[in-house]
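Asker: Please work out how this folds:
(chains A, B and C)
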Amino acid sequence: MKWLYRRVLLALLSVFFTVVLTFFLIRLMPGNPMDVYVQILIRSGRARTREEAIERAKSLMPLNMNDPLWKQLIDYIAGLLRGDLGRSISSFTPVSEIIVKSLPWTVFVSSIALALSFSIGTILGLVLAYKRGTVFEGFSVTVLTFLGAIPNYIMALILFYILTIVYPIFPMRGAYDSTIAPGLSLDFILSVLKHAMLPIASYVLTDFSGWALGIRAMATTILGEDYVTVAKARGLRESKIITNYVGRNSILPQFTGLILSIGFMFGGSPLVESIFTYPGIGRFFAAAVSARDYPLLQGLFLMLSITVIVANLIADLLYTQIDPRVKVGD
Amino acid sequence: MQNFNKTKRLAPLFILVLFLAPLLLQGIIGQSEEIRRPVIFVYSMEANFQPEGHFNPYSETGFIGHAGVNMYDQLAPHILGTSQYFPELATNWTYDGDWLVVKLRNDVTWHDGQPFTSKDVWSTFMLHKIRGYSEWSSNVIDDVQIVDDYTIKFHVVGLKDLAQNYILSAYINGPYHVFKKYVDEYVANPENAEAIGVELNKFTPRTVSEGAVGTGPFMLENMTESDLWLKKFDKFYAADKIVIDYIHGIKEPSNEVGWGYFFSNTADWGEPFSPASVADALTAQGVKVLYAKSTRHDFIIFNWKRPLLANKLFRQALAYSINRTELISAINYPCWHEEKWVTPYSDFYIVNWLDQSFLDSLNKYEYNPEKAKAIFAQLGLTYNNKGQLCYANGTVITLYAKFPAPWTDIALLMQNLATQLNRVGITVIPLALDWATVATAETNGDFDIVWDAIGGDHPFLQGFDATAGYGFPTYASFPKVIEWQGKELNLTQFFIDWGKVKSVEEQKVYVRELAQIYNDYLFALPFADVDAQFYGSQRFVYPPSYDPAWMCTDYARGIIVAQLFFPGKFGLNMSYWGIKPTPPPTTPTETYIIAGLVVVVIVLIIAIFLTRKK
Amino acid sequence: MNINDVKNSLRIIVENKRALLGSIILLSFILMALLGPLVVPLDLNPKFDQVYAPPSLEHPLGCDYIGVDILSEIIWGSRDVLVIVFIAGVITVVIGSIVGLISGYFGGIVDLILNTLVDIVLTIPGLPLVIVLAGLIQTRDPISIGLILSANSWAWLARAIRSQVLSIRERDFIEASRAMGIGKLNIVFGDVLPILMPYIGINFLFAVVQALYASVALFFIGVLPFSTVHWGTMLNIAMQVSGAIFVPFARHYVIAPIIFIVLLQVGLVLFSYGIEDIFNPRLKS
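Answerer: A predicted model of the protein is given here:
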């Protein structure tokens, strides 16, 4: 078990290191939140003079804005240990509040999308490996390639256009119908599901081909192995070969990929969420970078790094459980 | 078994009846009168990425946008193009020495039922003071005093034109009973302004009872991340003139999404940016693309701190090298118009304030690359064998044009600018940067060329912004003292003198002089007027009219929606505005009964068919 | 690797029809990038009477928002685009594979260090990293941009390959090689790597396409200089200015860059069939 403790300790160190690195990285980017906000005020006409804009912008800035960087870093880490992530500069809301309010929506959509892409993709990929050489396989691979080449935000736009405008089947925007009060009513739950379908579809339709092609490539490799040749020589049906040998062996790297994807799932896609006006956390990433909203950026990246590092840790753990031949660490 | 088969056959029949029963019932119970469905006006509003938002106009994070003009009233909105103001909450305003005395309506209520008094106007201006709004921080006014419940006076120490504009156009959105805590604290301890400002940022009322109130015709009903609902305020002082029941604001996160709302007739009003030919195709869909005059005036800004650009002759040469028609066409939006006379004023003001003969006397800087090249030669600049313009020592002249990448129209503009200046040998490199980088570059004077635009309710304000540098970030550091007609002219003093003048004729003298100064000095190169472009649905038809009451100010935003309710507020003839919301079609009772009977007959036939013995 | 291996590989590719098609497509792209600009002139001067002209004989792909021929823009843009994404793809795959292979096979302290490094790189936010690198390196050179683009993406591949290596190294024939005394590096690159080649091949094409779309985002940050011939810029302008799919008359301006991006991916996939065959001749049945 010693290696487990080592891995966990390393994970914690990685998180800490990432936090510090991120802290300096975002402040190295040219531009600063004060200039951004002043410009917004002037451009939109809400402030008539630069003096006014600067005065008003100051009230949004954190109090330790002008302290030396190392002191700001210490303040931030001290805050982290207390559970205080600071306040977003653009909205003056506590960062933890923003994350708590928007993250569930993104996780809701992303997890369903990931589960669907993975299962559909894996099954399809195995089928394609089985039917290697047929016209069906060639055709499918072409279609899959095509689908995989479409960026998810363009797919989102296409779905938005066809399924909410041309044929108004799905709702256009929001996480739920704004005339229904949130609660445990059937109306509300149905509304939530209906509003989530198109965002989920945008991810699934563009992602599943990646999984399919990936496992097909792995399966193809394994099909060339000696023990498979032996199995075929022994007269085993190919479908059995696929499920028992190929399936089980190629599922492992797929599974690792899945766990890693879970880590990144918490980020969401800013563009897809924007097209459907979906109140997830993705839309905050791009906007926070653009506004140089340091506290919000740090909070978002902290959350993302924790989930990715934890996902990696879990992937390693599960790997040793699933494949007894593997010994992680020496 | 026999029974089961029979049940199996009858089952579809029963299901059919179950579905049709409500229809039958409705036919039987009947509808005795037309049901009046509420009139809902849907508009596409600018989205920001913040959480659902709130209604504290004095928090720096509550960008209320268009909803504000429906929820709040001004003292007296300014009518564009004139020196007139339209009475709204203020009924009367006169100068008593240095004091502007304003009389208020006495029949106004806040959305939560509290009566409106002059204390609310005072508290609003106190909040302005805490926030450092321009009328205070630029020393335009220095005191506000309550005279009685419906009279208030302002002490004007700065420019009178500015003062009147600031004071009367103010939205009265800081009611005393909501902001009491902050205002009282400020009066007691004015040195705590900054701390109070930070506290104000934390106040986020999201319902009427929490303090999200105004005096306007619409009040807050509900708000989510993506939608805003406003409901007609029954106690509005001109409620009987308002025909709309609900305003539904839908957030538009991007142009593409907004067009989706446009194409699907989801929104009754919004601001697309689509090329001209689309408008024709779309009138057929029940939507009109409309243009309204705005005072927006766009400039190409040169960085005066750079030696070459600080030279007036070089700037003039650049003006000759740029074909403004081509610039506008590169952007290809119909609401962009070319600047003809090269003055700091938009065409809007030129029509009213300057006459044709004067305009003809100005230098139009017509496209003339040969003239430009002559000036380059005069300045000692030469061409190398690659055709690039160089300093005398052979260094190639390179200018960096920075702009925010997400603004595609500006990107296209800069690209075309680079292409054009290339033709006279100047190497211009357009740099698409993100917002923050551009903002910092502009502030620090780290650029050669940038783009900017100003609006302005009055030629004074436009001239002021374009010259004294308030509209443009102060990085440009336009000189405050210049040589003009053989003498030294102090621009700051120039505007102070202008501000003291009252009559329109006297003002015109200043307007002309500034036009001439700008035309010669080219602090920046004005190149376009940009109008407001928006779409409106046929349910709420807008006459594309340049009637003053129709005009929009500055950046032509939610004001347009306010204009819709002007007639409601001031008793103008509603049909003049073409506001005839079409009543929804209702199905009369007889149709239901007949439909019900027909269905019953069909069902009976099917039942007989299904249950007959084979 | 000797001349016979190369000859064999070429033969395998030619025999596999799909791989052949893929190679032809890729070669065409490369030729287009190298020779195209020499053959096809690019006239960026606006011709306002041709704005959004539909495809015709004279302008096979139509014209864009200022009347410039789209095909010539695509051809001139392909140079920068292809260099950037290929560099990014190659670096991602090479670094990712090497790190994954070594960390997975060698284990121990090497694995620990490399793994932690990979973890950290995986979690460093990509967008700010790219912005900062771009600001620090200050370049307009496509090769450097490709380098910047791959700063983050190699880590994912390293992780995935590491986990596969972990299971592969316990296989019998690897054990056998070890028993025979063949050096570790030899085993890693001689025995383990060929097994993973198809997987790496597929990932190469994913890396390329990902870099392609990342460059679209980079235009917005300012890493890529504004250039109307870059496919990413074309896509963005088309979406923002003409409204992409909503507006019928400008659809060809959006579709053109997407078609070429898809063609590129199709070419790579088909070519990967050839890679599979080269490394796994036992698959030919």
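Asker: and the residue in the stretch 151-300 of chain B positioned nearest to chain C, what helix or strand is that in?
Answerer: Nearest residue of the stretch 151-300 of chain B to chain C (CB to the nearest CB) works out as B:W259 at 4.9 Å. Backbone N, C-alpha and C define where each C-beta goes, glycine included. Element membership of B:W259 [criterion: DSSP states H and E] is helix B:255-263.
Asker: Which residue is the nearest non-sequential neighbour of the closest residue to chain A within the stretch 351-500 of chain B?
Answerer: Relative to chain A, the nearest point of the stretch 351-500 of chain B is B:A436 (2.8 Å; CB to the nearest CB). Nearest non-adjacent residue to B:A436, counting by CB to CB, 6 or more residues apart in numbering or on different chains: A:G31, 2.8 Å away.
Asker: where does the stretch 1-150 of chain A dip in pLDDT?
Answerer: A:1 (pLDDT under 70).
Asker: Quick check: residues of it near chain B?
Answerer: Within the stretch 1-150 of chain A, the positions adjacent to chain B are A:29-33, A:35-39, A:42, A:44-52, A:55-60, A:90-93, A:97-98, A:101-102 by CB under 8 Å from any CB of the partner chain.
Asker: Looking at B:G132 now. What's its pLDDT?
Answerer: pLDDT, B:G132: 90.
Asker: For the helix or strand where the residue of the stretch 351-500 of chain B closest to chain A lies, buried residues please.
Answerer: B:A436 is located in helix B:435-444, with elements delineated by DSSP H and E. Using 16 or more other CB atoms under 10 Å in any protein chain shown as the test for burial, helix B:435-444 gives B:W435, B:A436, B:T437, B:V438, B:A439, B:T440, B:A441, B:E442, B:T443.
Asker: Same question for stretch A:85-97.
Answerer: So for stretch A:85-97, counting by 16+ other CB under 10 Å, buried means A:L85, A:G86, A:R87, A:S88, A:I89, A:S90, A:S91, A:F92, A:T93, A:P94, A:V95.
Asker: As JSON lines, those residues with distance to C:R159 and secondary structure would be great.
Answerer: Shown next, in JSON lines, are these (distance: CB to CB, whole Å; DSSP: H, G, I helix; E, B strand; the rest coil):
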{"residue": "A:L85", "distance to C:R159": "28", "secondary structure": "coil"}
{"residue": "A:G86", "distance to C:R159": "31", "secondary structure": "coil"}
{"residue": "A:R87", "distance to C:R159": "35", "secondary structure": "strand"}
{"residue": "A:S88", "distance to C:R159": "32", "secondary structure": "coil"}
{"residue": "A:I89", "distance to C:R159": "34", "secondary structure": "coil"}
{"residue": "A:S90", "distance to C:R159": "34", "secondary structure": "coil"}
{"residue": "A:S91", "distance to C:R159": "35", "secondary structure": "coil"}
{"residue": "A:F92", "distance to C:R159": "38", "secondary structure": "coil"}
{"residue": "A:T93", "distance to C:R159": "35", "secondary structure": "coil"}
{"residue": "A:P94", "distance to C:R159": "34", "secondary structure": "strand"}
{"residue": "A:V95", "distance to C:R159": "29", "secondary structure": "helix"}
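Asker: now for those residues, which pair is the farthest apart?
Answerer: The largest separation in these, counting by CB to CB, is between A:L85 and A:S90 at 14.6 Å.
Asker: Next, the buried residues of stretch B:296-315.
Answerer: B:296-304, B:308-309, B:314-315.
Asker: Now do the same contact list for the residue of the stretch 351-500 of chain B closest to chain A.
Answerer: Shown in contact with B:A436 (CB atoms under 8 Å, 6 or more residues apart in numbering or on different chains): A:M29, A:P30, A:G31, A:N32, A:P33, A:D35, A:V36, A:S290, A:A291, A:R292.
Asker: Ok, B:Y133 next?
Answerer: A:A47, A:R48, A:E52.
Asker: Tell me which entries of those residues lie within helices.
Answerer: Among the contacts of B:Y133, DSSP state H puts A:E52 in helices.
Asker: Next, B:D452: secondary structure please.
Answerer: Three-state assignment for B:D452 (DSSP: H, G, I helix; E, B strand; the rest coil): strand.
Asker: Quick check: bridge partners of it?
Answerer: B:F299 (DSSP bridges).
Asker: surely it meets B:D298?
Answerer: Yes: applying CB atoms under 8 Å as the test, B:D452 and B:D298 come out as touching, 7.5 Å apart.
Asker: So what touches stretch A:16-28?
Answerer: Residues from elsewhere that reach stretch A:16-28, judged by CB under 8 Å, 6+ apart: A:69, A:73, A:76-77, A:80, A:292, A:294, A:297-298, A:301-302, A:305, A:309, C:120, C:123-125, C:128-129, C:132, C:135-136.
Asker: Please point out which parts of that stretch sit buried.
Answerer: Using 16+ other CB under 10 Å as the burial criterion, the residues of stretch A:16-28 that qualify are A:F17, A:T18, A:V19, A:L21, A:T22, A:F23, A:L25, A:I26, A:R27.
Asker: tally of neighbours for the closest residue to B:D96 other than its chain neighbours?
Answerer: Nearest residue to B:D96, sequence neighbours excluded (CB to CB, 6+ apart): B:K153, at 7.3 Å. Residues within reach of B:K153, counting by other CB atoms under 10 Å in any protein chain shown, total 20.
Asker: and B:K153, that's in a strand?
Answerer: Yes: checked against three-state DSSP, B:K153 lies within a strand.
Asker: can you pull the contacts of it?
Answerer: B:D96, B:W99, B:L100, B:V101, B:V102, B:V144, B:Q145, B:V147.
Asker: Between all of those residues, which two are separated the most?
Answerer: So, these by CB to CB: farthest apart are B:D96 and B:V144, at 14.3 Å.
Asker: before we move on, the earlier item: mind putting the buried residues of stretch B:296-315 into CSV with distance to B:Q388, pLDDT and secondary structure?
Answerer: Formatted as CSV, these follow (distance: CB to CB, whole Å; pLDDT from 0 to 100; DSSP: H, G, I helix; E, B strand; the rest coil):
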residue, distance to B:Q388, pLDDT, secondary structure
B:R296, 35, 85, strand
B:H297, 33, 89, strand
B:D298, 28, 91, strand
B:F299, 26, 91, strand
B:I300, 21, 92, strand
B:I301, 24, 90, strand
B:F302, 20, 88, strand
B:N303, 21, 87, coil
B:W304, 24, 80, coil
B:L308, 14, 89, coil
B:L309, 18, 90, coil
B:F314, 16, 94, helix
B:R315, 20, 93, helix
